[in-house]
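Student: I'd like to go over a predicted model; first the sequence, then the structure.
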Amino acid sequence: MSQFTLHDLDSAPAASKPLLERSQKAYGMIPNLHGVLAESPETLEAYQTLHELFANSSFNAEELTVVWQTINVEHACGYCVPAHTGIAHSMKVDPALTEALRNKQPMPTEKLQVLHNTTLSIVRNRGHISEVEVEAFFAAGYGQQQLLEIVLGLSQKVISNYTNHIAKTPVDKMFEKFAW
């Protein structure tokens, strides 16, 4: 299989350059995933947009981490699990939560466990979840908005997880210490 290009500002297609500049400004570097996605400006823009929308959803930092890492672990993404471990640390999420997610262990609270279970069911069943699961989600304090926001987060993670599988994206140096 052909090796994918890790684009930078010099090698990227013209339409991807402003998107990579945005990544550079936001992260102080161009993440390798963004460098790979730059081959398709539309895909990079979709990923960045979905990331921003999900990060600004109604979920707090712990809940964002639960959704992201539940999907990353289920998809066995060797790039995203370390990256989101580092992101969780920067968001001041308790490392015990990230370790539980990485190691498929129980969540520290019932509410986060329900979020994890619901996310996992949506992923595994391609959106076909039972009424019992939906009712448990609502009983935990979540609503229809959050159920749809899981789908939003999953949309973002499908782009990144699948791209990383196809491209074999190398983990960024800053996240290597969180290798999984």
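Tutor: Received the coordinates, thanks. Residues are numbered from 1 along each chain as shown.
Student: now the helices for this protein?
Tutor: Using DSSP state H, the helices assigned to the chain run over residues 17-27, 32-37, 41-55, 61-74, 80-90, 95-102, 110-124, 131-139, 144-167.
Student: single out the most deeply packed of those.
Tutor: helix 32-37 (a mean of 26; mean count of other CB atoms under 10 Å). Using the backbone N, CA and C atoms, a C-beta is placed for each residue, glycine as well.
Student: got the CA coordinates for that helix in CSV?
Tutor: Once non-C-alpha atoms are left out, helix 32-37 reads as follows in CSV (Å, rounded to 0.1, in the frame of the first residue of the first chain):
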residue,chain,number,x,y,z
ASN,A,32,0.0,14.2,12.0
LEU,A,33,-3.6,13.3,11.5
HIS,A,34,-4.2,16.8,10.1
GLY,A,35,-1.2,16.4,7.8
VAL,A,36,-2.7,13.2,6.4
LEU,A,37,-6.2,14.7,6.1
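Student: thinking again about what came up before, now the helices of the chain in TSV, with mean pLDDT and distance to residue 176?
Tutor: Putting the helices of the chain into TSV (pLDDT from 0 to 100; distance: least, CB to CB, whole Å) gives the following:
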stretch	mean pLDDT	distance to residue 176
helix 17-27	97	16
helix 32-37	98	11
helix 41-55	98	21
helix 61-74	98	16
helix 80-90	97	7
helix 95-102	97	15
helix 110-124	98	26
helix 131-139	98	36
helix 144-167	98	15
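Student: which of the ones you listed sits closest to residue 177?
Tutor: Nearest to residue 177, of all the helices of the chain, is helix 80-90, at 8.0 Å by CB to CB.
Student: I would like the residues contacting the closest one, please.
Tutor: Residues outside helix 80-90 that contact it (CB atoms under 8 Å, 6 or more residues apart in numbering): 31, 33, 61, 65, 68-69, 72-73, 95, 97-98, 102, 157, 160-161, 164, 171-172, 174-176, 178-180.
Student: just to revisit the earlier point, between the helices of the chain, which gets nearest to residue 9?
Tutor: Nearest to residue 9 among those is helix 17-27 (5.6 Å), distances taken as CB to CB.
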